[in-house]
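Colleague: give me coordinates for this.
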Amino acid sequence: MKLTEIVCQILRVQKVAAKTASCQDVVLIRLRTDDGLEGVGEADASPEVIKAIVDAPFSHNIACGLREILLGENPLETERLWQKMLRRTQYYGRSSVTIAAMSAVDMALWDLKGKRFGVPVHTLLGGKHHSRIKAYASILFGRDGAETRDIGRKWVEKGYRAVKFGWEPMVQNEALDLELVRGARDGIGSENTLLIDAGCVWDARTALRRAVQFSDFKPGWLEEPLRPWDFDGYVWLRDRSPVPIAGGEAECGRESFRPYIDRHAFDIYQVDPSRCGFTDSAFIRSRVEEINARLCNHCYTSPITVAASLHWLATCRDAFLFEDCVDDSPMRHELTLERFQADPDGFITVPDRPGLGLTLNEDFVKRYLVSESR
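Modeller: Predicted coordinates for the structure are as follows:
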């Protein structure tokens with residue numbers, strides 16, 4: 001079994017809105033083999049930058065594009081291929097977008113492996129602990145407390161028992177921050193789980209002040225209140241905050257997560273397979289479970305990453321919540337023939353078909369395709 005074709009496709013909605021949402025475009029990696037199988041993956045990053053990393057020609061032995069590295073290889077050897085990609089991109093890689101591009105390839109390799117052996121990816125990762133996981137509706141804040149309240153009511157009425165509100169317009173001023181969180185709690189009611197995503201906006205002392213203020217509304221966590229590179233700030237904040245601190249969605253791969261895990265910087269570690277692949281997501285899972293912290297997925301892209309996240313999170317011993325992006329985008333809901341969304345009772349079901357367990361909607365791909373290479 002050999003890789004014979006590596007296709008990179010970029011899809012994009014006709015009009016991209018100026019908002020913090022990564023489900024307005026998609027970069028697809030499609031790996032094809034000499035025996036007719038195809039594996040699919042995606043990365044959560046700038047699609048054109050991912051494509052450049054895949055397409056780059058040979059420069060020298062440690063500065064290669066991913067297609068150059070992988071063609072002709074056995075796709076079942078996922079760990080070896082991860083190490084080969086890491087080695088042969090080290091002059092421009094080792095972190096950030098190169099790891100994200102590798103992660104899209106890695107996701108597709110595991111999809112292929114599952115299809116080849118007729119088992120779901122979660123079986124290959126060691127077996128699932130959960131068949132269904134409580135989902136939280138992940139959505140942006142409204143413009144003010146009243147609009148945020150209405151958003152919360154909408155998703156509770158649809159069956160969600162947990163809702164996360166995030167990013168802008170938080171951080172404009174203290175009064176608005178409190179108004180937004182108050183509106184969020186009022187909207188979802190006292191019996192449901194409230195999650196707050198600040199969007200990497202404060203210094204540590206301001207974040208602690210907000211955590212104390214927000215604690216009156218009993219949030220399940222305060223997510224990414226600091227800039228992602230503020231390791232010392234996160235350690236300081238977590239030791240003092242009355243609200244659990246969550247983070248990690250911006251990190252790409254095990255080395256990016258290492259300082260956070262080594263220093264116990266978060267209460268909840270949020271891992272995105274479209275930025276870590278299955279190979280490094282499994283490694284990160286083991287490390288976080290060693291320190292008895294909690295794990296959750298990050299997912300704000302297409303159903304490909306939703307499915308990948310379900311396979312990975314199901315293998316996490318103490319998985320307790322699943323991020324279910326409810327942004328109203330065709331990329332989120334129409335790219336696959338299957339619909340990966342919470343059931344009416346607020347729980348989401350883990351796929352059990354071989355590989356990722358999904359089928360691309362080829363008509364949709366053709367309609368939104370803006371660039372392709374192979």
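Colleague: following element in sequence after the helix or strand of the chain with the lowest mean pLDDT, please.
Modeller: One helix or strand of the chain scores below all others by mean pLDDT, DSSP states H and E: helix 330-333, with a mean of 89. Next in sequence after helix 330-333, counting helices and strands by DSSP states H and E, comes strand 347-349.
Colleague: other SSEs contacting that following strand?
Modeller: Under the contact criterion of 3 or more CB pairs under 8 Å, 6 or more residues apart in numbering; DSSP states H and E, strand 347-349 touches strand 132-140. Where you see a C-beta, it was placed from the backbone N, CA and C, and this is true even at glycine.
Colleague: so what's the gap between the strand it packs on and the chain middle?
Modeller: Put simply, strand 132-140 sits 13 Å off its chain's centre (CA atoms, centre = their mean, to the nearest Å).
Colleague: over to stretch 309-320?
Modeller: With CA atoms, centre = their mean, you get 13 Å for stretch 309-320.
Colleague: list the buried residues of the least confident helix or strand of the chain.
Modeller: For helix 330-333, a neighbour-count test (16 or more other CB atoms under 10 Å) marks 330-333 as buried.
Colleague: could you do stretch 338-349 as well?
Modeller: Buried-residue list, stretch 338-349, by 16+ other CB under 10 Å: 338, 340-342, 346-349.
Colleague: kindly report the same for stretch 180-187.
Modeller: Buried residues in stretch 180-187, defined by neighbour count with 16+ other CB under 10 Å: 180-187.
Colleague: what's the closest of those residues to Glu38?
Modeller: Of all those, Glu38 sits closest to Ala184, with 41.7 Å by CB to CB.
Colleague: I figured the closest one hits Leu194, correct?
Modeller: Yes. Ala184 is within contact range of Leu194, at 5.8 Å (criterion: CB atoms under 8 Å).
Colleague: assign a three-state SS to Thr4, would you?
Modeller: Under DSSP: H, G, I helix; E, B strand; the rest coil, Thr4 falls in the strand class.
Colleague: next: Ala108.
Modeller: What three-state DSSP gives for Ala108 is helix.
Colleague: quick check: it vs His130, distance?
Modeller: Separation of Ala108 from His130 (CB to CB, to the nearest Å) stands at 24 Å.
Colleague: check Asp363 too.
Modeller: Asp363 is 33 Å from His130, by CB to CB.
Colleague: send me stretch 116-130 as CSV with only the CA atoms.
Modeller: This file holds the C-alpha atoms of stretch 116-130, laid out as CSV (Å, rounded to 0.1, in the frame of the first residue of the first chain):
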residue,chain,number,x,y,z
ARG,A,116,-7.8,-0.2,5.6
PHE,A,117,-8.4,-2.2,8.7
GLY,A,118,-12.2,-1.6,8.8
VAL,A,119,-12.2,0.0,12.3
PRO,A,120,-12.9,3.6,13.5
VAL,A,121,-10.0,5.8,14.5
HIS,A,122,-10.9,5.7,18.2
THR,A,123,-10.1,1.9,18.1
LEU,A,124,-6.7,2.6,16.6
LEU,A,125,-6.1,5.2,19.3
GLY,A,126,-6.6,2.6,22.0
GLY,A,127,-10.4,2.4,22.4
LYS,A,128,-13.2,4.7,23.4
HIS,A,129,-14.3,5.3,27.0
HIS,A,130,-17.4,7.1,25.9
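Colleague: alright, I will stop here.
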